[in-house]
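# can't give you the sequence, but here's the structure:
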């Protein structure tokens, strides 16, 4: 009888291939994943075009998981919008650190353009009309909050030049609105480059303010 050699390298019963274990997400990790997926889909398709089914499928979970974390699509959307509004407000107000008013204008313009560049999906969501009430308000109210920060700066500058500081809120809304609308335009075209856009915004704002009349005149026929 021919002896059969035992191969020491043979796979033993204890060496069966192990199944790859799927790492289970914590509740916080799952919530963050759903927020990121929701933000991407809401930016691409809007609130109405996005479904809970699609959000769940992208996350690899069942629909009840989405409901468990956010109570539904509306809840997820509200959290996404609130986070983006706070992020943009923090970026703009946190940038206002310079002493010279012209540099402050530059910093504010760059902050908004930085946000658009880094958080494009978030900005696309913000500039849409929200279909549901938000705890932090609308994009218009966000711009108003930013204008309030600028208002204080303009008020001090107006006072030092002998202008009526009560008009600072009007000019603050005008300046911030100009930057915000330009940002919406730049969102898609992305030309010219960011620094050039900021320079032109400040050029218009600063030289307009520099030549400001204390009592502006109307030259047309309409006076009221």
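Here it is on my side, so go on. This is a predicted model, so every value here is computed, not measured. Numbers count the residues shown, from 1 in each chain.
# least trustworthy helix or strand in the chain by mean pLDDT?
helix 139-160 (a mean of 87; mean pLDDT, DSSP states H and E).
# for burial, what's the neighbour tally of the closest residue to residue 25 other than its chain neighbours?
Sequence neighbours aside, residue 33 is the residue nearest to residue 25 in space, at 6.8 Å (criterion: Cβ to Cβ, 6 or more residues apart in numbering). Bear in mind the C-beta positions are built from the backbone N, C-alpha and C, glycine included. When neighbours are defined as other Cβ atoms under 10 Å, residue 33 has 16 of them.
# element containing residue 33?
Using DSSP states H and E, residue 33 sits within helix 27-49.
# next secondary structure element downstream of that helix?
Scanning forward in sequence from helix 27-49 by DSSP H and E, the next helix or strand is helix 52-59.
# tilt between that next one and helix 27-49?
Counting by axes from the mean of the first three to the mean of the last three Cα atoms, to 10 degrees, helix 52-59 lies at 140 degrees to helix 27-49.
# and helix 52-59, what does it pack against?
Contacts defined by 3 or more Cβ pairs under 8 Å, 6 or more residues apart in numbering; DSSP states H and E place helix 52-59 against helix 27-49, helix 63-70, helix 73-95.
# and the ones you listed: which comes nearest residue 221?
Residue 221 lies closest, by Cβ to Cβ, to one member of the helices and strands packed on helix 52-59: helix 73-95, at 39.6 Å.
# got the buried residues for that closest one?
73, 76-81, 84-85, 88-89, 91-92, 95 (16 or more other Cβ atoms under 10 Å).
# now render these as JSON lines, adding pLDDT and distance to residue 47.
Output for the buried residues of helix 73-95, formatted as JSON lines (pLDDT from 0 to 100; distance: Cβ to Cβ, whole Å):
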{"residue": "73", "pLDDT": "94", "distance to residue 47": "7"}
{"residue": "76", "pLDDT": "96", "distance to residue 47": "10"}
{"residue": "77", "pLDDT": "95", "distance to residue 47": "6"}
{"residue": "78", "pLDDT": "92", "distance to residue 47": "10"}
{"residue": "79", "pLDDT": "94", "distance to residue 47": "13"}
{"residue": "80", "pLDDT": "95", "distance to residue 47": "10"}
{"residue": "81", "pLDDT": "92", "distance to residue 47": "9"}
{"residue": "84", "pLDDT": "93", "distance to residue 47": "14"}
{"residue": "85", "pLDDT": "92", "distance to residue 47": "15"}
{"residue": "88", "pLDDT": "93", "distance to residue 47": "19"}
{"residue": "89", "pLDDT": "91", "distance to residue 47": "21"}
{"residue": "91", "pLDDT": "94", "distance to residue 47": "24"}
{"residue": "92", "pLDDT": "91", "distance to residue 47": "25"}
{"residue": "95", "pLDDT": "92", "distance to residue 47": "30"}
